[in-house]
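Trainee: please find the sequence and the predicted model below.
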Amino acid sequence: MRVVIAEDSTLLRQGIVLLLEEQGIEVVDAVGDGEALLRAVAEHHPDVCVVDVRMPPTFVDEGLRAALVIRNRWPEVGVLVLSQYVEESYAIDLIGNDTRGVGYLLKDRVSDVDDFVDALKRIVLGDTVLDPEVVKQVLARSRKRDPLATLSPREKDVLSGMAEGRSNSGIAAQLVIGPAAVEKHISNIFAKFGLHPEDGENRRVRAVLRYLGA
Amino acid sequence: MASAHLAADGISALAGFAVLMLLVTGICLLPVALIGAPLVIAAAWLLHRLAGAERDRYATLCGREIPAQPALELSKNLPRSTLTVLTSRSTRRQVCYFVLLIPVSALNVVAVALAWAGPTMLALLPFYYAELPLGRAAIGPLNIDNTGTALAVAAVGVLAGLTVSPVVVRTLRALDISLARTLFAPSRDTRLTQQVAYLTASRARVVDAAEAERRRIERDLHDGAQQRLVAMAMTLGRASSRLRDAGHPETVELIESARSEARQAINELRDLTRGLHPPVLTDRGLDAALSAVAARSPIPVTIDVDAVPRPSTTVEGITYFVVSEALTNVAKHAAASTAWVTIRRVDDRLAVTIGDNGIGGATLGRGSGLSGLADRVSGVDGRLRVTSPVGGPTVIEVDMKCV
């Protein structure tokens, strides 16, 4: 796996580089702002880039905007956005209409080395990885929205697992239920959202998008 | 000095007269398709400059500072500017001053001439007398026919020059100054208006500074302490991962507990900075920032924001603070099952309403959280009103100016 890192704090940038290298992951470039990130991606064509939201010169959502450009221009490059805060409006923008190979995590999740590396791997494989905090925000907000209001608490748990980018077996392990039960919940969710089998594998993505309110 | 000042009155009066003539010409030409309008405006401008020059003259020659009148605020619209000029109190007062200055300056110039030339001439009388072929001269009824009388008259002249003339000159100058003070200094109303404008501006600066300070603290924490804590958690994570591979379960446990403490500290710091001024507010405005607040609220909150164009950063900051604090109060005290927030921009005002279906009984009394919110709002000339009968519902209405 080849990774580009964009983070303006030298301390954190060095830390992430060391952490990934210790795990046997190749860091091809580490930069400090959005412009440099775009140049690095164009030059190295990494599998995935790790991007801090707030970077110079604007110190607002410079990194997020660079991430959107990467998603547009190089759709095959995975993007993991790290942020001090997770805000659903950022998540919705980032994901857009394409949930493949994208992640949005709180910055301090990096300290859980295994989870962080696992998230990167899943993104490279084309999964969506969302921070449980984002999922919590969306869940809290969606209580007033329609199709979601009809879901049972268990179905919501399953859906939030899907939004976090977990597989069926991953969700089963998380909720301590059998894989068959997970499948049953998922088909209920599809039914309640009016997603039909002919939509194919996309249904999973659609359900997550509906969940995010995108 | 005083005499120089009084003598200069003549020059000022001439200049004033010229400008007044310009003004009159302008006014006379006004009915003819507003041809006179530029003349009127030019005359008003010149009057203002002349008044400024007069003020300088009073300051340098008389040592009297006369407070300045506010400059006229003219728009691009010619007829409206003309009207502003003609109806302005300060223009009227300046016209009065220069009209009165014409007779006053004439009097002053003559008086100064008499006050100094008279005694000087009397003092020179003995020399004049000595040159006279007839040996006598007359000043009115006074007959001077010997050297003694001539010397006596000269003495009176010197005495007058030394004592009476300065008094006369000073009296006239005092008259002059009081004329200028009455007509040039801003009236009481104008002074109070100026003071209110000054105080309003300085309060706005203080409130802006406080908001800027909140943003600065948020940024400092974000770039400093938070980053360090994250880096520390990350190093602990690496250490834990290495030790696990090497097989030291007890030490891993210790490090994991340190890591969880660090995470806790990061979370607390995050909540704190979010309360100050979240970056998403600067970046995306009230809707996005308040959606995140609503999402974190333990009871369902409907947010409805229509604030285009965006209010000033300060007003956004205060609105964010008021809404998030009010929602915290609702969650803590209201026993409500739902709450709602609407924000509407109407022209240059922002109307914020926060309601819940709880038990009511909220008061704006001293020491309550609500009075703190009311204080924040009053900093930008806003009003906060609470309607909360016992039994509910509670509605908080805030009205603020957007800039």
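Mentor: Perfect, thanks for sending it. These numbers were taken from a predicted model, which means no experiment stands behind them.
Trainee: how near is B:Ile396 to B:Gly369?
Mentor: Counting by CB to CB, to the nearest Å, the gap between B:Ile396 and B:Gly369 amounts to 11 Å. Every residue, glycine included, has its C-beta placed from N, CA and C.
Trainee: who has more neighbours, the two?
Mentor: More neighbours surround B:Ile396 than the other of B:Ile396 and B:Gly369, with 25 against 15 (other CB atoms under 10 Å in any protein chain shown).
Trainee: so what pLDDT did that one get?
Mentor: At B:Ile396, the model reports a pLDDT of 94.
Trainee: show me what contacts it?
Mentor: Shown in contact with B:Ile396 (CB atoms under 8 Å, 6 or more residues apart in numbering or on different chains): B:Ala326, B:Thr353, B:Ile354, B:Gly355, B:Ala362, B:Leu370, B:Leu373, B:Leu384, B:Arg385, B:Val386, B:Thr387.
Trainee: just the residues you listed: which are in helices?
Mentor: Per DSSP state H, helices hold the following members of the contacts of B:Ile396: B:Ala326, B:Leu370, B:Leu373.
Trainee: which non-adjacent residue is nearest the first one?
Mentor: Sequence neighbours aside, B:Ile354 is the residue nearest to B:Ala326 in space, at 4.5 Å (criterion: CB to CB, 6 or more residues apart in numbering or on different chains).
Trainee: from chain A, how far out is that neighbour?
Mentor: 16 Å (CB to the nearest CB, to the nearest Å).
Trainee: look at that residue and say how many residues are nearby.
Mentor: If you count neighbours by other CB under 10 Å, B:Ile354 ends up with 24.
Trainee: okay, and the beta partners of it?
Mentor: Here B:Ile354 sits in beta bridges with B:Val341, B:Ile396, as judged by DSSP bridges.
Trainee: isn't it right next to B:Ala334, touching?
Mentor: No. The criterion here is CB atoms under 8 Å, and B:Ile354 misses it with B:Ala334 at 10.6 Å.
Trainee: which ones are touching the most centrally placed residue in chain A?
Mentor: Nearest to the geometric centre of chain A sits A:Gly103, at 2.0 Å (CA atoms, centre = their mean). By CB under 8 Å, 6+ apart, the residues touching A:Gly103 are A:Gly78, A:Val79, A:Leu80, A:Val81, A:Ala119, A:Leu120, A:Arg122, A:Ile123, A:Thr128, A:Val129, A:Leu130, A:Gly165.
Trainee: a markdown table for those, including pLDDT and neighbour count?
Mentor: As requested, the contacts of A:Gly103 are exported to a markdown table (pLDDT from 0 to 100; neighbours: other CB atoms under 10 Å in any protein chain shown):
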| residue | pLDDT | neighbour count |
| --- | --- | --- |
| A:Gly78 | 94 | 28 |
| A:Val79 | 95 | 24 |
| A:Leu80 | 95 | 25 |
| A:Val81 | 94 | 26 |
| A:Ala119 | 93 | 24 |
| A:Leu120 | 95 | 23 |
| A:Arg122 | 92 | 22 |
| A:Ile123 | 93 | 25 |
| A:Thr128 | 88 | 26 |
| A:Val129 | 90 | 25 |
| A:Leu130 | 89 | 27 |
| A:Gly165 | 82 | 20 |
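Trainee: of the residues you listed, list those near chain B.
Mentor: Among those, no residue lies close to chain B (CB under 8 Å from any CB of the partner chain).
Trainee: out of these, which is nearest to A:Val60?
Mentor: A:Val81 (13.8 Å; CB to CB).
Trainee: quick one: the closest one is in a strand?
Mentor: Yes. Under DSSP: H, G, I helix; E, B strand; the rest coil, A:Val81 sits within a strand.
Trainee: measure B:Trp45 to B:Gln94 for me?
Mentor: Separation of B:Trp45 from B:Gln94 (CB to CB): 11 Å.
Trainee: centre of the chain to stretch A:111-128, how far?
Mentor: The chain centroid and the centroid of stretch A:111-128 are separated by 9 Å, computed with CA atoms, centre = their mean, to the nearest Å.
Trainee: what does it rub up against?
Mentor: With CB under 8 Å, 6+ apart as the test, stretch A:111-128 has contacts from A:1, A:3, A:19-20, A:23, A:25, A:47-48, A:50, A:78-80, A:95, A:99-103, A:105, A:109-110, A:129, A:163-165, A:205, A:208, B:230, B:233-234, B:236-238, B:240-241, B:259, B:262-263.
Trainee: quick check: buried residues in it?
Mentor: A:111-113, A:116-117, A:119-124, A:127-128 (16 or more other CB atoms under 10 Å in any protein chain shown).
Trainee: near chain A, which residues of chain B show up?
Mentor: By CB under 8 Å from any CB, the residues of chain B that approach chain A are B:219, B:222-223, B:226-231, B:233-238, B:240-242, B:259, B:262-263, B:266, B:270, B:274, B:278-280, B:282-284, B:288, B:291-292, B:294-297, B:300, B:302.
Trainee: what residue ranges in the stretch 301-403 of chain B score low on pLDDT?
Mentor: Scanning the stretch 301-403 of chain B with the threshold set as pLDDT under 70 gives B:366-367.
Trainee: which residue does it bring closest to chain A?
Mentor: Using CB to the nearest CB, the single residue of the stretch 301-403 of chain B nearest to chain A is B:Thr302, 6.0 Å away.
Trainee: keep only those of the residues of chain B next to chain A that are in strands.
Mentor: B:Thr302 (DSSP state E).
Trainee: of the residues of chain B next to chain A, grab the buried ones for ChimeraX.
Mentor: Applying 16+ other CB under 10 Å to those, the buried members can be selected in ChimeraX as follows:
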select /B:219,222,226,227,229,230,231,233,234,235,236,237,238,240,241,259,262,263,266,270,274,278,279,280,282,283,284,288,291,292,294,295,296,297,300
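Trainee: who's in contact with A:Ile5?
Mentor: A:Arg13, A:Ile16, A:Val17, A:Leu20, A:Val27, A:Asp29, A:Ala30, A:Val31, A:Cys49, A:Val50.
Trainee: and the two most separated of these?
Mentor: Longest span within those, CB to CB: A:Leu20 and A:Val31, 14.7 Å.
Trainee: mind listing what's buried in the host helix or strand of B:Leu50?
Mentor: B:Leu50 belongs to helix B:37-62 when assigned by DSSP states H and E. Within helix B:37-62, the residues that qualify as buried by neighbour count (16+ other CB under 10 Å) are B:37, B:39-41, B:43-44, B:46-48, B:50-51, B:54-55, B:57-58, B:61-62.
Trainee: ok, A:Val60 to B:Thr282 distance?
Mentor: Distance from A:Val60 to B:Thr282, by CB to CB: 6 Å.
Trainee: ok, A:Asp33 next?
Mentor: From A:Asp33 to B:Thr282 the distance is 18 Å (CB to CB).
Trainee: lowest-scoring secondary structure element of chain A by mean pLDDT?
Mentor: helix A:146-149 (a mean of 65; mean pLDDT, DSSP states H and E).
Trainee: show me how far the next helix or strand after that helix is from its chain's centre.
Mentor: Going down the chain from helix A:146-149, the next helix or strand is helix A:153-163, by DSSP H and E. Distance of helix A:153-163 from its chain centroid, counting by CA atoms, centre = their mean, is 16 Å.
Trainee: tell me the helix or strand right after helix A:153-163.
Mentor: Sequence order places helix A:168-175 as the next helix or strand after helix A:153-163, per DSSP H and E.
Trainee: contact partners of that following helix?
Mentor: Here helix A:168-175 makes contact (CB under 8 Å, 6+ apart) with A:Arg154, A:Asp157, A:Val158, A:Gly161, A:Met162, A:Arg166, A:Gly178, A:Pro179, A:Ala181, A:Val182, A:Glu183, A:Ile186.
Trainee: what do you get if the cut-off is 7 Å, keeping everything else the same?
Mentor: If you take CB atoms under 7 Å, 6 or more residues apart in numbering or on different chains as the criterion, helix A:168-175 is touched by A:Asp157, A:Val158, A:Gly161, A:Met162, A:Arg166, A:Gly178, A:Pro179, A:Val182, A:Glu183.
Trainee: make a ChimeraX selection of the buried ones in the residues you listed.
Mentor: This is how ChimeraX selects the buried members of the contacts of helix A:168-175, with burial counted by 16+ other CB under 10 Å:
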select /A:157,158,161,162,166,182
